[in-house]
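J.: structure for this input, please:
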Amino acid sequence: DNTVISGPTDLVTDISATWAAKGRKTRTLTVSHAFHSPLMDPILEPFKEAISELTYHPPTIPLISNLTGQPADDHITTPDYWAQHIRQPVHFHPAITHTAPETGIFLELGPDP
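T.: Have a look, this model is predicted:
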């Protein structure tokens, strides 16, 4: 039931005002950057370079990728995956839909409660 938009502040403010005028509840998230938007493009290559020396391992427990909404594959063990995670939309609903038939409890881990 929620959608998060990201991008230039003036455009996000305009979109929020449009939805508020239609009676929809809106709120601004407190974030440091416009993650998952084109504003992140300049950091992608430096980010990949910075994390290229890390050692990656496949998950040892089932993990759903927010890039695809499906179980994570070997791509999750690459710098490209994590750079895409900064830039691409989060597919939260497909991830929940994928796991819902087998799950009794959902736990979302993130920087804010």
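
J.: can you report phi and psi for the closest residue in space to Ser52 that isn't next to it in sequence?
T.: Nearest residue to Ser52, sequence neighbours excluded (CB to CB, 6 or more residues apart in numbering): Pro79, at 5.1 Å. C-beta here means a position set from N, CA and C on the backbone, and glycine is covered the same way. When read as degrees, to the nearest 10, the backbone of Pro79 gives phi -60, psi -30.

J.: shouldn't Pro79 be in contact with Ile51?
T.: Yes - applying CB atoms under 8 Å as the test, Pro79 and Ile51 come out as touching, 4.9 Å apart.

J.: the two: which has the busier surroundings?
T.: More neighbours surround Pro79 than the other of Pro79 and Ile51, with 17 against 13 (other CB atoms under 10 Å).

J.: so how far is Ile86 from the more buried one?
T.: Taking CB to CB, to the nearest Å as the measure, Pro79 falls 11 Å from Ile86.

J.: what is in contact with these two at once?
T.: Phe47 (CB atoms under 8 Å, 6 or more residues apart in numbering).
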